[in-house]
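Q: What follows is a predicted structure for the sequence shown.
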Amino acid sequence: AAGVAVVVGGKTVVTDRRGGYVVWHVAPYEPAVVRLAETGVDPTWVAAEAQQVLRPTPNMAARVDVRLVRVREVSGLLVSRGPATVAGIALHLVREGESAPAYTVSTYADGAWYAAKVRPGRYRLTVADDGLRALGAAAAAVSVFVPAIGEDEVQAPAVELVPLTVALPARTARGSAPGG
């Protein structure tokens, strides 16, 4: 992509019309971080890897390609089968094969939610455990696929809160004692 600001070892350069860039006077043998600048690229595109590390060798050119991926907006709805509120509930988008949330969002008053700049991939959408405990509810995780190409917005399947039933302890009949 042309006109993209790239930072190499603290030095910022802009890519040419073919997407190439050249940086001079980078300290040899010292690790140099290569990343996109905060500004200088269309916000719907991000680097596939947040940063790369280069260890320059004197008098030798090194090539570092920064692959761009298109990010998407993802939205959905949290619904409740019972009296549980759907406002202000934390939801997690967890990338398939990982355990830590890649994105965390909160629901609006109507249960709608929105996540910006979601990278392509397969995700599991879950309700945060502390929210489920506080509401006395359960919710099954749903699968969300964010494609690398296609529409700008991805509509996730609805997540449904289901109230937990609480089992009350058994009572003995009045006037009788257990075991007798």
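A: Here it is on my side, so go on.
Q: In terms of helices and strands, where is A134?
A: helix 129-135 (DSSP states H and E).
Q: what do you get for L77?
A: Assigned by DSSP H and E, L77 falls in strand 72-80.
Q: re earlier: what mean pLDDT would you report for the helix holding A134?
A: Mean pLDDT, helix 129-135: 91.
Q: continuing past that helix, what's the next helix or strand?
A: The helix or strand immediately downstream of helix 129-135 is strand 137-138, counting by DSSP H and E.
Q: For R67, which non-adjacent residue is closest in space?
A: Distances taken as CB to CB, 6 or more residues apart in numbering put A48 closest to R67, at 4.2 Å, once the chain neighbours are dropped. Every C-beta, even on glycine, is put in place using the N, C-alpha and C of the backbone.
Q: Next up, the contacts around the one you found.
A: By CB atoms under 8 Å, 6 or more residues apart in numbering, the residues touching A48 are V66, R67, L68, V69.
Q: change it to 7 Å
A: R67, L68, V69 (CB atoms under 7 Å, 6 or more residues apart in numbering).
Q: Give the buried residues for the helix or strand bottoming out on mean pLDDT in the chain.
A: Within the chain, confidence by mean pLDDT, DSSP states H and E is lowest for strand 45-47 among all helices and strands, at a mean of 83. Neighbour-count burial for strand 45-47, counted by 16 or more other CB atoms under 10 Å, picks out V46, A47.
Q: to the chain's geometric centre, what's the distance from it?
A: Centroid separation between strand 45-47 and its chain, computed with CA atoms, centre = their mean, to the nearest Å, is 14 Å.
Q: Pull out the buried positions in the strand holding L77.
A: Buried-residue list, strand 72-80, by 16+ other CB under 10 Å: R72, E73, V74, G76, L77, L78, S80.
Q: Do I have it right that T44 meets V69?
A: No. Using CB atoms under 7 Å, T44 is not in contact with V69, being 9.9 Å away.
Q: Pull the residues that contact the helix holding A134.
A: Helix 129-135 is contacted from outside by A84, I89, A90, A138, A139, L161, using CB under 7 Å, 6+ apart.
Q: Now that helix: buried residues?
A: For helix 129-135, by 16+ other CB under 10 Å, it's G131, L132, L135.
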